[in-house]
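In: no sequence on hand, only this structure:
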């Protein structure tokens, strides 16, 4: 775990390209190669409050106060202001369809109108193409552009914004805040529930979940997940019926898939589900004061999160999800292997086998993999869950510890399988 930038920085958005991660914050625009060190890149910016950040090839877009849009073509070293409006809010939504870039914002955070701008030359020149949008949702699917339309409805363009069709039949008068697509269906999450269209947005019907604000929609593995102020809801039948999946005491702002697991960003840190949302576990060790998390993104082997006035944090994905299933072949016995590398600094990997023969049946109890210091004090739990037979690998990041000897122990239920020694050498 690692704390980055100033502690009181509010992170509004995160974006990545092939080599860098970018953060739009209350203190300006920041850039980092691996999250360890951040550089303020604000030359040419007339505002230090950056909302949305978007990357397209060598072009970076940043939305600032007074609904201004800035463009950088040199990885954020220099910025050029392209336009601004009289709106109080900032441009926080960008999308791309082929060679066209789109930027939209509202008058303020509660407005029902705003402007949509378009560029087809990598952000050098922009033209206004509509003033009837609400800025909370913009998405592209099969070449069509979808944008929320004020109080109720969705606007759709099939020709990159030259002509727009406003569709509101069957949808509520609330604000549409999120859009998602699956097969031939479009799902719109609003502050009054979720709606579904099977004809590209022309007609809408209530999709079983009403009278609740939908912050985000995720569709993965045939299951629809929604992030709400009252937890995560999920549907396994295209939205006909819904069940409260968990986190009912949490305000969930974002929900994403990371290495096959569901990750939820909440008002109380990060939570993970390894079983399609049936159960959730906290992944907040290392924070100290657990932050409100707005956004999630992935770069290389790390998960990055943007928080409200607690800066940007990163953590190894393998540390968060616990383990990687690297083989489903059924081993003959439970086995704990020597970590690699050893000695290590600061990350090492631990492989182990989960068997299913006679009394050694993983369904009889949780498989645990724990780390201990020289005094026998438990300092980390890498795995604590029911596992199917197979071979697994877990990673341990010892960045917060000094050089020394540590022990790791594999157990199943109350049965200790084996304990091994490893050396951290810094």
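Out: On my side now, so go ahead. Given the structure is predicted, the values throughout are model-derived calculations rather than measurements. Numbering: from 1, shown residues only.
In: okay, and residue 61 sits in which element?
Out: Residue 61 is part of strand 59-64, with elements assigned from DSSP states H and E.
In: neighbouring strands for that strand, and are they parallel or not?
Out: Using DSSP bridges, the neighbouring strands of strand 59-64 in the sheet come out as strand 50-56 (antiparallel), strand 68-72 (antiparallel).
In: residue 98: which of those strands is closest?
Out: Between residue 98 and those, the shortest gap by CB to CB is with strand 50-56, which sits at 10.7 Å. From N, CA and C alone the C-beta is placed, and that goes for glycine too.
In: distance of residue 96 from residue 41?
Out: Going from residue 96 to residue 41 by CB to CB, to the nearest Å gives 22 Å.
In: with residue 50 instead?
Out: When residue 50 is compared with residue 41 (using CB to CB), they lie 10 Å apart.
In: got any residues that touch both of those two?
Out: Contact with both residue 50 and residue 41 is made by residues 28, 29, according to CB atoms under 8 Å, 6 or more residues apart in numbering.
In: which one of those two is surrounded by more residues?
Out: Taking other CB atoms under 10 Å, residue 50 and residue 41 do not tie; residue 50 has more neighbours (29 against 21).
In: can you map out the helices along the protein?
Out: Under the criterion DSSP state H, the chain contains helices at 317-321.
In: return the helix or strand in it with minimum mean pLDDT.
Out: For the chain, using mean pLDDT, DSSP states H and E, the weakest element among its helices and strands is strand 2-4, scoring a mean of 40.
In: contacting residues for the residue nearest the centre of the chain?
Out: If you average the C-alpha coordinates of the chain and look for the closest C-alpha using CA atoms, centre = their mean, you land on residue 296, 2.9 Å from that point. Residue 296 sits next to 14, 254, 256, 258, 263, 265, 270, 303, 304, 305, 306 when contact means CB under 8 Å, 6+ apart.
In: give me the pLDDT value at it.
Out: Residue 296 is assigned a predicted lDDT (pLDDT) of 90.
In: any stretches of the stretch 101-250 of the chain with poor pLDDT?
Out: Across the stretch 101-250 of the chain, the stretches falling below the confidence threshold (pLDDT under 70) are 105-114, 131-136, 150-152, 172-173.
In: isn't residue 68 right up against residue 80?
Out: No - at 11.0 Å, residue 68 does not count as touching residue 80 under the criterion of CB atoms under 8 Å.
In: neighbour-wise, which of these two wins?
Out: Using other CB under 10 Å as the criterion, residue 68 and residue 80 rank with residue 68 on top: 22 against 13.
In: beta partners for the more buried one?
Out: As for beta bridges, residue 68 partners with residue 64 under DSSP bridges.
In: what's the answer for residue 140, then?
Out: For residue 140, the beta-bridge assignment (DSSP bridges) gives partners residue 145.
In: OK, contacts around it?
Out: Counted by CB under 8 Å, 6+ apart, residue 140 has contacts 95, 96, 97, 146.
In: give me the number of residues near the spatially closest residue to residue 406 that is not a sequence neighbour?
Out: In this structure, residue 406 finds its nearest non-sequential neighbour in residue 422, 5.4 Å apart by CB to CB, 6 or more residues apart in numbering. Using other CB under 10 Å, residue 422 has 21 neighbouring residues.
In: per-residue pLDDT, residue 422?
Out: The confidence metric pLDDT takes the value 98 at residue 422.
In: what's the answer for residue 343, then?
Out: Here the pLDDT value assigned to residue 343 is 96.
In: go ahead and confirm it touches residue 423.
Out: Yes - the criterion here is CB under 8 Å, and residue 343 meets it with residue 423 at 4.2 Å.
In: got a list of contacts for stretch 338-354?
Out: Applying CB under 8 Å, 6+ apart, the external contacts of stretch 338-354 come out as 316, 318, 326, 331, 333-337, 362, 367, 369, 382, 387-399, 401, 408, 410, 412, 417, 420, 422-426.
In: and for stretch 374-384?
Out: 285, 319, 322-323, 350, 366-373, 392, 394-396, 401, 404-408.
In: please redo it, this time with the cut-off set to 10 Å
Out: Applying CB atoms under 10 Å, 6 or more residues apart in numbering, the external contacts of stretch 374-384 come out as 281, 285-286, 318-319, 321-323, 350, 352, 354, 366-373, 392, 394-398, 400-401, 404-411, 421.
In: any idea how far residue 297 lies from residue 305?
Out: 8 Å.
In: revised request: answer the last question for residue 201.
Out: Shown here: residue 201 relative to residue 305, a distance of 32 Å by CB to CB.
In: try residue 20
Out: Between residue 20 and residue 305 the computed distance is 17 Å (CB to CB).
In: one more: residue 260?
Out: Distance, residue 260 to residue 305, by CB to CB: 19 Å.
In: swap in residue 299?
Out: Counting by CB to CB, the gap from residue 299 to residue 305 is 12 Å.
In: which one of the two has more residues nearby?
Out: Neighbours were tallied for residue 299 and for residue 305 using other CB under 10 Å; the higher tally belongs to residue 305 (24 against 20).
In: bridge partners for that one, pull those for me.
Out: Per DSSP bridges, residues listed as beta-bridge partners of residue 305: residue 296, residue 313.
In: and the pLDDT for residue 37?
Out: Each residue has a pLDDT score; the one for residue 37 is 79.
In: ranges for the strands of the stretch 301-426 of the chain?
Out: For the stretch 301-426 of the chain, the strands defined by DSSP state E, counting those that start in this stretch cover 302-307, 312-316, 324-327, 335-336, 347-354, 356-357, 360-361, 367-372, 378-385, 390-397, 404-412, 415-424.
In: thinking again about what came up before, just the buried members of the contacts of residue 296?
Out: Buried members of the contacts of residue 296, scored by 16 or more other CB atoms under 10 Å, are 14, 254, 256, 263, 265, 270, 303, 304, 305, 306.
In: reformat these as a markdown table; add distance to residue 62 and pLDDT.
Out: What follows is the buried ones among the contacts of residue 296, written out as a markdown table (distance: CB to CB, whole Å; pLDDT from 0 to 100):
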| residue | distance to residue 62 | pLDDT |
| --- | --- | --- |
| 14 | 12 | 91 |
| 254 | 20 | 93 |
| 256 | 22 | 92 |
| 263 | 26 | 93 |
| 265 | 22 | 95 |
| 270 | 26 | 93 |
| 303 | 23 | 90 |
| 304 | 18 | 91 |
| 305 | 20 | 92 |
| 306 | 14 | 89 |
